[in-house]
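J.: Give me the fold of what follows.
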Amino acid sequence: MWSRLGAGAVLLAGMTVLAPPAAAFAEDPVDLGGAYVLDRVGAVAGDEARVQAALDDLYERASIQLFVVYVSTFANPTDAAEWADATAIDNSLGQDDLLLAVALDDRAYAFSIDDGFALSDSQLDRVEKSTEAELVNDRWANAAIAAAQTIAAEATGVVGPSVPDPGAGPGADPAAPAADGTNLLLPLIGGVAVVGGGIFIYSRIRKRNAEGNVTAVPEQMTQKQLDQRAGSLLVQLDDSLKTSEQELGFAVAQFGEDATKEFTATVASAKHKVTAAFTLRQKLDDAQPDTGQEKREWTTQIVQLCEAADAELDAQADAFDELRQLEKNAPAALAEVRTLAATTSARTEPAKASLKTLDDTYSVAAIKPVIDNVQQADKLLSFATAAADKAQASIAAGNGSEAAMAVRGAQASLGQAGQLYDAIETLAGDLVDANDKLVAAIADTTQDIAAARALSQDAASAPLAPMIAAAAAALAAATAQGNPIVSLAQIEKANAELDRVFDGVRDTQQKITAATAQLDGSITAARAQITSTMEFVSTRRGGVGALARTRLNEANNRLGQAVALATSDPVAALNEAQQANTLATTALGMARADVDSFQAREQYTASSVDGSDGADLGGILGGLFGGSGGGGSYRPSRSSRSGSFGGSSRSSRSSGRSSGGGGRSRGGRF
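T.: Numbering: from 1, shown residues only. Next up, the predicted model:
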């Protein structure tokens, strides 16, 4: 068995290392440096998120890690299988790890697989076949995705979603009927499932089973078990909190603040604990190296904080349900639902008009977080109508329990529809605000560039040249990209870098003045980016994993620090605001990749909904009643197969890795 990580190896979860395209050159076996994807030739540029999502999904489904390397040509050795084995051995990859090595100019590839790897030769043949089919057509990113998905299917016996074409949309309409006339998608609203005309509400996450706690005490768990439990709890409790906050809002509106004080305090306490847990997760994920003891202590604290929050919510769950008494008050609650549905439906046309204005004014990238909000809200409204009709029929039939569950589902869907419309209005306001501040930022940066160019040209001012060029490029891009939020962040960042090199010629007060002038715009950009990302995660939380949520939580923490330091230390505050923007942008990218992967999988597991148009409500609302979110993260662990995609010849199989540990090498040319 090969060791998991060599001494001194640094494990960076979810990391992809990219290099700019370069002239073809021979590449010796490489040091992965802890990365899961090492791209020396820009093969997957633009598709990093899709590849990473597939690798994450493989680990989550089968606890198997796939590493991928793209180079120009193999050298020392030139044989694909030997090269892959050498790279796997040099990086101390383990028994449950695979390495896919692809040489674009050689038109050759290889899988390095440890001899003890669980899949049989016939299963590996299918992995190889699916990978080569993509390589033949120069679909480099899809090759890695196909490998990951086929490995997962072979290891678990469950076939996942097919590989989408680069740049393709989400695929076939999830609401399209099957050949037998049934709908292919089973909408889930936070645990509310509509099946054959009946509505069932699953227990919330916080409602524990009869056996009590669902896990062993942390002291009895391995680090791997702790990591998995911590990630799962973070997603579950984050979703459970969002559901609890929404339910609390309904209760306050119905019964008043005095009657719900205890519930408000419970939710606030649980939220504080989960926020602290996310902060610890960020410490584990940052670039600072952690000792084994620190990692175990912090992961244990995450588990303990989440389980404590779960217990708090659990203690109030029964009383909360009793307070609402939807079964007794179903007729009155249904009347309120009908009124809310009419009010929410009336927002549809204004929302469409607002989106049209945004589309005419800004780039697609600027409005992407809300571009499909009206469509999704329409589907939620349809579901709410169906649920309300079901509640009406149940009341007439004297079935109060079924009526209460239907009313609750309608309330949840209407709440989410309203939030989707709110997000459009919020983004519109943020874009206007950012655009106003962008004008001032452009003027400020233009002035700073002129001042920098006016300095004496000597050795001391040499570092200014690249900063001036970057600031000038940011100015040029600002008017072209149609996204004032991004432009504002880019200009403020470039201006801050330009100011940074003035340390030798500006006194402390000048630096503080400059930072103060930039700070308002940076905070505005960060807050807008965080808000957009929060809205995206909240309205699609069933498909979003722990990593995106962790980055978003840290972004919010950094923004709070920026606001807190604005008066006392504007220089530090500026740095915090910029870090907040970067973290929020990263979180949005991760969240979108998680949701894309989740929605693709949902197409294979969906059922029909009576009275609904089949909206992809699982991906939008997963976890409303405590269901776990999608997405995920994983950690790295090898055997060998080599191949050439596109040619009829394929190298003969060889046995063993060069270290003598045993293995199975495969591959060929394409």
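J.: For the stretch 151-300 of the chain, which residues score under the pLDDT cut-off?
T.: Applying pLDDT under 70 to the stretch 151-300 of the chain flags residues 159-220, 251, 254-256, 258-259.
J.: the helices in it, which residues?
T.: Per DSSP state H, counting those that start in this stretch, the stretch 151-300 of the chain has helices spanning 223-255, 261-285, 292-324. These are given in chain order.
J.: Can you name every helix or strand that the shortest one contacts?
T.: Helix 261-285 makes packing contacts with helix 223-255, helix 292-324, helix 546-565 when contacts are defined by 3 or more C-beta pairs under 8 Å, 6 or more residues apart in numbering; DSSP states H and E. Every C-beta, even on glycine, is put in place using the N, C-alpha and C of the backbone.
J.: okay if I get the helices of the stretch 151-300 of the chain as CSV plus mean neighbour count and distance to Val127?
T.: Written out in CSV, the entries for those read as follows (neighbours: other C-beta atoms under 10 Å; distance: least, C-beta to C-beta, whole Å):
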stretch, mean neighbour count, distance to Val127
helix 223-255, 21, 24
helix 261-285, 18, 30
helix 292-324, 18, 32
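J.: closest one to Thr339 among those?
T.: If you check each of those against Thr339 by C-beta to C-beta, helix 223-255 wins as the nearest, at 12.1 Å.
J.: okay, the angle between the closest one and helix 546-565?
T.: For the pair helix 223-255 and helix 546-565, the angle between their directions (axes from the mean of the first three to the mean of the last three C-alpha atoms, to 10 degrees) equals 60 degrees.
J.: Helix 223-255 relative to helix 292-324, how many degrees between them?
T.: 30 degrees.
J.: Quickly find the element holding Ile145.
T.: Using DSSP states H and E, Ile145 sits in helix 140-156.
J.: Just give me how far that helix sits from the chain centre.
T.: 20 Å (C-alpha atoms, centre = their mean, to the nearest Å).
J.: Show residues contacting stretch 325-335.
T.: The set of residues external to stretch 325-335 that reach it, using C-beta atoms under 8 Å, 6 or more residues apart in numbering, is 254, 388, 391-392, 394-395, 400-401, 403-405, 407-408, 410-411.
J.: model confidence over it, on average?
T.: In this model, stretch 325-335 has an average pLDDT of 81.
J.: how much space between the residue most central in space within the chain and Thr524?
T.: Nearest residue to the geometric centre of the chain (C-alpha atoms, centre = their mean): Ala591, 2.4 Å. Computed as C-beta to C-beta, to the nearest Å, the Ala591 to Thr524 distance reads 22 Å.
J.: angle of the host helix or strand of Met590 against helix 546-565?
T.: In this structure, Met590 is located in helix 570-605 according to DSSP H and E. With the same axes, to 10 degrees as the basis, helix 570-605 and helix 546-565 are set at 160 degrees to each other.
J.: so what does helix 570-605 touch, helix or strand wise?
T.: Here helix 570-605 is seen to pack against helix 48-62, helix 484-500, helix 508-539, helix 546-565, helix 617-621 when contacts are counted using 3+ C-beta pairs under 8 Å, 6+ apart.
J.: Give me whichever of the ones you listed is most buried.
T.: Mean neighbour counts were compared across the helices and strands packed on helix 570-605 using mean count of other C-beta atoms under 10 Å; the top stretch is helix 617-621, at a mean of 29.
J.: Would you mind splitting the chain into its domains for me?
T.: Structural domains annotated on the chain: 16-168+635-669, 213-321, as defined by automatic domain parsing.
J.: shaky segments in the stretch 401-550 of the chain?
T.: Flagging of the stretch 401-550 of the chain using pLDDT under 70 yields the residue ranges 401, 455-461, 480, 501-511.
J.: now do 90
T.: Per-residue confidence for the stretch 401-550 of the chain (pLDDT under 90) gives these ranges: 401-412, 428, 431-519, 538-543, 545.
J.: count of neighbours near Ala332?
T.: The local packing count at Ala332 equals 12, with neighbours defined by other C-beta atoms under 10 Å.
J.: Okay, and it sits in which element?
T.: Taking DSSP H and E as the criterion, the element that holds Ala332 is helix 326-345.
J.: and the domains of the chain as CSV, adding distance to Thr426?
T.: Written out in CSV, the entries for the domains of the chain read as follows (distance: least, C-beta to C-beta, whole Å):
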stretch, distance to Thr426
domain 16-168+635-669, 25
domain 213-321, 17
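J.: element containing Ala388?
T.: Take DSSP H and E as the rule and Ala388 turns out to sit in helix 373-396.
J.: next helix or strand past that helix?
T.: Stepping forward along the backbone from helix 373-396, the first helix or strand reached (DSSP H and E) is helix 400-453.
J.: Past that next one, which element shows up next along the chain?
T.: Where DSSP H and E defines the elements, the next helix or strand beyond helix 400-453 is helix 464-478.
J.: nearest to Leu99, of the helices and strands packed on helix 261-285?
T.: Leu99 lies closest to helix 223-255 among the helices and strands packed on helix 261-285, at 20.5 Å (C-beta to C-beta).
J.: which strands and helices sit next to the closest one?
T.: Secondary structure elements in contact with helix 223-255, counted by 3+ C-beta pairs under 8 Å, 6+ apart, are helix 261-285, helix 292-324, helix 400-453, helix 546-565.
J.: Give me the angle between that helix and helix 508-539.
T.: Note on geometry: by the same axes, to 10 degrees, helix 223-255 and helix 508-539 are set 80 degrees apart in direction.
J.: What about Ile367, how many residues nearby?
T.: For Ile367, the tally of surrounding residues (other C-beta under 10 Å) stands at 22.
J.: Please name the residues that touch it.
T.: Contacts were defined as C-beta under 8 Å, 6+ apart; by that measure Ile367 touches 355, 358-359, 427, 431.
J.: do that again at 6 Å, thanks
T.: With contacts taken as C-beta atoms under 6 Å, 6 or more residues apart in numbering, Ile367 has the following neighbours: Leu358.
J.: which SSE is it in?
T.: Under DSSP H and E, the secondary-structure element containing Ile367 is helix 364-367.
J.: ok, and for that helix, which residues are buried?
T.: With burial defined by 16 or more other C-beta atoms under 10 Å, the residues of helix 364-367 counted as buried are 366-367.
J.: taking the mean pLDDT, what do you get for that helix?
T.: Averaged across helix 364-367, the pLDDT comes to 87.
J.: secondary structure class for Tyr109?
T.: strand (DSSP: H, G, I helix; E, B strand; the rest coil).
J.: Quickly list what it is bridged to.
T.: Tyr109 has the following beta-bridge partners by DSSP bridges: Val102, Gly643.
J.: Could you report the distance from it to Leu588?
T.: On the measure of C-beta to C-beta, Tyr109 and Leu588 end up 33 Å apart.
J.: Name the residue in the two with the higher neighbour count.
T.: More crowded of Tyr109 and Leu588, by other C-beta under 10 Å: Tyr109, with 32 against 23.
J.: number of nearby residues for Gln95?
T.: 18.
J.: Test my guess that it contacts Gly116.
T.: Yes - with contact defined as C-beta atoms under 6 Å, Gln95 and Gly116 form a contacting pair (4.6 Å).
J.: mind putting the helices of the stretch 151-300 of the chain in TSV, distance to Ser120 included?
T.: Below are the helices of the stretch 151-300 of the chain laid out as TSV (distance: least, C-beta to C-beta, whole Å):
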stretch	distance to Ser120
helix 223-255	25
helix 261-285	36
helix 292-324	35
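J.: hmm, who's touching stretch 411-428?
T.: 189, 246, 340-341, 344, 347, 351, 354, 358, 370, 373, 376-377, 380-381, 383-384, 531, 535, 539, 621, 624.
J.: what do you get if the cut-off is 7 Å, keeping everything else the same?
T.: Contacts made with stretch 411-428 from outside it, assessed by C-beta atoms under 7 Å, 6 or more residues apart in numbering, are listed as 189-190, 192, 246, 250, 337, 340-341, 344, 347, 351, 354-355, 358, 367, 369-370, 373, 376-377, 380-381, 383-384, 387, 531-532, 535, 538-539, 621, 624.
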